[in-house]
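Peer 1: Could you work out the structure for the sequence below:
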Amino acid sequence: MRIDLHCHTRKTKSGDPKSRNVDKELFCEKVELANVDLVAITNHNDFDSEQYADLSNQDICVVWPGVELDGVSNHANRAFHVIVVADPADVDKFDEALSKLIDGQKPDDFSAKLEEIVAAFLPLNTLFIPHYADKSKAISEEDKKLFEELLPRERLFLEPKDLRTVGICAFHGDNMIIGSDVKDWAHYEKCNFAELRLPVSSFEQLKMLAKRD
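Peer 2: Residues are numbered from 1 along each chain as shown. Purely as a prediction, here's the structure:
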């Protein structure tokens, strides 16, 4: 089963390319071409509930709500990115928690400390996926340890840049995943995607799979 838990559908920050904007027709066409069964919408510091509802209303793939947040580390004032993916059953609570955390700031201006991000979404059924290793805006090893202290194993995945790093880190016992981080929907099917050994049909099943190995 092929999944994509790092998928952009809108240009939200000034540095994002316009080619990240996608309408429902192109979204369905490209997701089907890429043979992806599950997509999490993770735009930068923003969640568009109307777009989420629209893209969820199709038969090509399952869509989960999410966001990619700018984080600030306590270690050397290091900036990082972390994806938060929520159970679709909790989409309204997720939207409310995100709105409270962002507190009216624009996507270009928002950032929060690691502890603040975890505290905002830990009470909900969510996964946390920080950038790691060779990926831009990766967390430090100190922040990796802090994430591990704050979160159960099945709720923390690490996302490096390439599949080789996924394999190396997974060999050492970390939950690893990779997503498209799509920058141009014209080429979505050429992106890297995660392949699950077992199919999942719910958020809880994915957490159970992560808890096992």
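
Peer 1: Show me where this structure has its strands.
Peer 2: Remark: strands assigned in the chain by DSSP state E are 2-7, 38-41, 62-72, 79-86, 112-113, 126-130, 194-195.

Peer 1: what's the closest non-adjacent residue to the spatially most central residue of the chain?
Peer 2: Among the residues of the chain, the one closest to the centroid is residue 83, at 3.7 Å (C-alpha atoms, centre = their mean). Nearest residue to residue 83 in three dimensions, chain neighbours excluded: residue 129, at 4.0 Å (C-beta to C-beta, 6 or more residues apart in numbering). C-betas here are computed from N, CA, C, even on glycine.

Peer 1: Go ahead and confirm residue 142 touches residue 75.
Peer 2: Yes. Counting by C-beta atoms under 8 Å, residue 75 is a contact partner of residue 142 at 4.7 Å.

Peer 1: Below-threshold pLDDT in the chain: ranges please.
Peer 2: 76, 213 (pLDDT under 70).

Peer 1: can you pull out the helices in this protein?
Peer 2: 24-34, 49-56, 91-102, 114-121, 141-150, 163-171, 203-212 (DSSP state H).

Peer 1: Which of those sits closest to residue 193?
Peer 2: Closest to residue 193 of the helices of the chain, according to C-beta to C-beta: helix 24-34, at 6.8 Å.

Peer 1: For that closest one, name the packing helices and strands.
Peer 2: For helix 24-34, the packing partners by 3 or more C-beta pairs under 8 Å, 6 or more residues apart in numbering; DSSP states H and E come out as helix 49-56.
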